[in-house]
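Colleague: Let me see the structure of the following:
(chains A and B)
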2 protein chains.
Amino acid sequence: MPKPICYSTKAYSAGSASAKLGATTIDRREPGAMDVQIQILFCGVCHSDLHTARNEWGGTMYPAVPGHEIVGRVTKVGGSVTKFKVGDMAGVGCLVDSCRRCPSCREGLEQYCETGMVMTYNSPDPHLGGPTLGGYSQSIVVTQDFVLKIPANLELAAVAPLLCAGITTYSPLRHWKVGPGQKVGIVGLGGLGHMGVKFARAFGARVVLFTTSPGKTQDALRLGAHEVVVSKEEAQMQAQAGSFDFILDAVSANHDLNAYLNLLKRDGTLVLVGAPEKPMSIGAFPLIFRRRSFAGSLIGGLPETQEMLDFCGKNGITCDIEKIRMDQINEAYERMLKSDVKYRFVIDMATLR
Amino acid sequence: MPKPICYSTKAYSAGSASAKLGATTIDRREPGAMDVQIQILFCGVCHSDLHTARNEWGGTMYPAVPGHEIVGRVTKVGGSVTKFKVGDMAGVGCLVDSCRRCPSCREGLEQYCETGMVMTYNSPDPHLGGPTLGGYSQSIVVTQDFVLKIPANLELAAVAPLLCAGITTYSPLRHWKVGPGQKVGIVGLGGLGHMGVKFARAFGARVVLFTTSPGKTQDALRLGAHEVVVSKEEAQMQAQAGSFDFILDAVSANHDLNAYLNLLKRDGTLVLVGAPEKPMSIGAFPLIFRRRSFAGSLIGGLPETQEMLDFCGKNGITCDIEKIRMDQINEAYERMLKSDVKYRFVIDMATLR
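Modeller: From the prediction side, this is the model:
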């Protein structure tokens, strides 16, 4: 396959695992027949960006351009594009393509593509070779089926993190049918957790937020939690034993999952959306004696991501964000490591021009 | 409450964790209005019996009389008993009572009783004080609601282990809706596993048996498996990756669960019915990247146990057993520890007379 015609766009990249991110210029393909070209206006900063920039999961291809919480304006469309026209607002999340033929893809669960999805960054780029390059850039080109429509009534910058933090929490709450009459726990009040609180509340559940930081109590209540449990307080945890229908665990740091499994009712489910590095130590008895389940969930497919965005538009839901300039990204990573962000950094891409 | 009138019956008990089991005489209450008295004809030998006799789970009250796979003939009924009459065949499993008021009891899931079920042995006996005493005895008295009807067409000795090994595998296969068109794995070909194979096959699934012993292949196929995988063979395991809808893990020895989680399809479930002593080490990625679940299941409630027995009657399903005399129990325990049993010892209680 000949390399498509390309154009240059400014970006921020990491040149190695130990290097700070800095300004660079990258190639994007000129839009093909099915492609949408987007001028990126805002890009959220996900912890995966940092993991990838610093090669903490291994396998990072350098130079790496992170960013998969992308919103912007359509600047060009290919001749066969029907979903978008120039000037539309558009979003791109964690995926830019998939095989489209496996059972998961056919069910609209492209995030579980069985032959390997193309992630927005650090996947082999089927068009240009090398790694895909993400949203820390001025412009991106994505096939229309992997571009989302953005509700017009929401603040654009605060929509960006919905593309990852939003769908990652929305999808499991929907899949496990969280709703009225249920008691739902959200573990951790970070980028994911704060969206878990908002969605679980919007779905009509009674919401309990678990945090190690007593200082987050007021904020959790403001965001929609009915109750806050400081997870380091044994008595507070004990008081919740066996009472939850569902718990969404959004903490990637290594922590004791059994303490949360014990809070589930019979037939309750604990779902992990953060991925602790080390294997977790799980006792058989908390599972067996209440027929509890322990599961995982990965972002969401394209149809559900659109459903989530539409739900947010109807219900006025966005992320709580702190806007930064592109040149603040290295500092933002350091603050993210200290959980010093409420609750998601979003890069104003105008600052890259 | 005054102690009810009692009668004596012969039994086999352990006097301490290190003592061998030996003959003794125990008290049983005279049947009350709702009680059924059963002359025990056969009692299966479950690994839990050994754990309890030797105090391997802690908390054993001595002298301990194990045995919770009980079948026999009704010899007396209380004045209000309607379900049974003298001469009927009857069975008793792991439970002899529960609170009957909590949500789980009201749903017929007495095994998950939230205020504490009365187990057939080693629970506080609400009638006589001391521990409940199990089926290694000539006679037992149980409230009619916890006594099962036995299909007339099955070999009685081979029915006994259905009361624990049978229902423990039947219940999760039903709960997770195993049926035609599904590929189901059963891990371990012991007392539980061999029943898992029979039930999964009877429910119409494609059944794959996982074993560490290549020598069990022919037997597994005879019992109903379509295929046998020797789990120590990496290539055989790899060939099954991502292909299972459901896996029932009936191994109580510590083993690597991640190897089995990786064999599940997207949305597949691995259910543990054996309880490894040590906490299991579970990686987040096998769960997250395919939305897999890891769950536990405990025996079954009374209605489902009856359903299972009726299903076995209709489909001619029993356990594969080896009959022993009561005085062979200590030797049977040693053989059980070496997995030298196909696939359940059943004590002929006539040998205790």
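
Colleague: Need the residues that contact the strand or helix carrying A:Val197.
Modeller: Using DSSP states H and E, A:Val197 maps to helix A:191-202. Contacting residues not belonging to helix A:191-202 are listed as A:44, A:46-47, A:161-162, A:165-166, A:168-170, A:173, A:178, A:184, A:186-187, A:189, A:207, A:209, A:220, A:223-226, A:248, A:250-251, A:273-274, A:311, A:315, A:317, A:319-320, A:341-344 [C-beta atoms under 8 Å, 6 or more residues apart in numbering or on different chains]. In this view, the C-beta of every residue, glycine as well, is placed from N, C-alpha and C.

Colleague: From those residues, which land in strands?
Modeller: A:Gly44, A:Val184, A:Ile186, A:Val187, A:Val207, A:Leu209, A:Leu248, A:Arg344 (DSSP state E).

Colleague: The helix holding A:Val197 versus strand A:183-187: what angle between them?
Modeller: Helix A:191-202 runs at 170 degrees relative to strand A:183-187, counting by axes from the mean of the first three to the mean of the last three C-alpha atoms, to 10 degrees.

Colleague: Quick one: the helices in chain A, in order.
Modeller: In chain order, chain A shows helices spanning A:47-53, A:103-106, A:156-159, A:165-175, A:191-202, A:217-223, A:234-238, A:258-261, A:284-288, A:302-315, A:329-337, with DSSP state H as the criterion.

Colleague: would you turn these into CSV with mean neighbour count and mean pLDDT?
Modeller: As requested, the helices of chain A are arranged in CSV below (neighbours: other C-beta atoms under 10 Å in any protein chain shown; pLDDT from 0 to 100):
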stretch, mean neighbour count, mean pLDDT
helix A:47-53, 23, 95
helix A:103-106, 16, 96
helix A:156-159, 22, 98
helix A:165-175, 26, 98
helix A:191-202, 27, 98
helix A:217-223, 17, 97
helix A:234-238, 12, 96
helix A:258-261, 20, 96
helix A:284-288, 21, 94
helix A:302-315, 19, 98
helix A:329-337, 16, 97
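
Colleague: how about these in CSV, adding distance to A:Lys149?
Modeller: CSV is the format used below for these (distance: least, C-beta to C-beta, whole Å):
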stretch, distance to A:Lys149
helix A:47-53, 24
helix A:103-106, 20
helix A:156-159, 11
helix A:165-175, 14
helix A:191-202, 19
helix A:217-223, 26
helix A:234-238, 42
helix A:258-261, 36
helix A:284-288, 41
helix A:302-315, 7
helix A:329-337, 28
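
Colleague: which residues of the stretch 1-150 of chain A score low on pLDDT?
Modeller: Within the stretch 1-150 of chain A, the segments meeting pLDDT under 70 span A:1.

Colleague: Those residues of it touching chain B, which are they?
Modeller: Within the stretch 1-150 of chain A, the positions lying close to chain B (C-beta under 8 Å from any C-beta of the partner chain) are A:Pro103, A:Ser104, A:Leu109, A:Tyr112, A:Glu114.

Colleague: Near the residue lying closest to the last one once chain neighbours are set aside, how many other residues are there?
Modeller: Beyond its immediate neighbours in the sequence, the residue positioned closest to A:Glu114 (C-beta to C-beta, 6 or more residues apart in numbering or on different chains) is A:Cys102, lying 4.0 Å away. When counting by other C-beta atoms under 10 Å in any protein chain shown, one arrives at 18 neighbours for A:Cys102.

Colleague: State the phi and psi torsions of A:Cys102.
Modeller: Torsion angles at A:Cys102 (phi, psi; degrees, to the nearest 10) stand at phi -70, psi 170.

Colleague: residues contacting it?
Modeller: A:Cys102 neighbours (C-beta under 8 Å, 6+ apart): A:Cys113, A:Glu114, A:Thr115.

Colleague: Quick check: it vs A:Lys314, distance?
Modeller: 32 Å (C-beta to C-beta, to the nearest Å).

Colleague: for A:Gly116, same thing?
Modeller: Taking C-beta to C-beta, one finds A:Gly116 at 34 Å from A:Lys314.

Colleague: still on that earlier bit, most neighbours of all the ones in strands among the contacts of helix A:191-202, which one?
Modeller: A:Ile186 (32 neighbours).

Colleague: Pretty sure that residue sits against A:Ala205.
Modeller: No. If you go by C-beta atoms under 8 Å, A:Ile186 and A:Ala205 don't touch, sitting 9.9 Å apart.

Colleague: follow-up on the earlier one: rebuild the contacts of A:Cys102 as JSON lines, extending it with neighbour count and distance to B:Lys149.
Modeller: Shown next, in JSON lines, are the contacts of A:Cys102 (neighbours: other C-beta atoms under 10 Å in any protein chain shown; distance: C-beta to C-beta, whole Å):
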{"residue": "A:Cys113", "neighbour count": "21", "distance to B:Lys149": "51"}
{"residue": "A:Glu114", "neighbour count": "17", "distance to B:Lys149": "47"}
{"residue": "A:Thr115", "neighbour count": "11", "distance to B:Lys149": "52"}
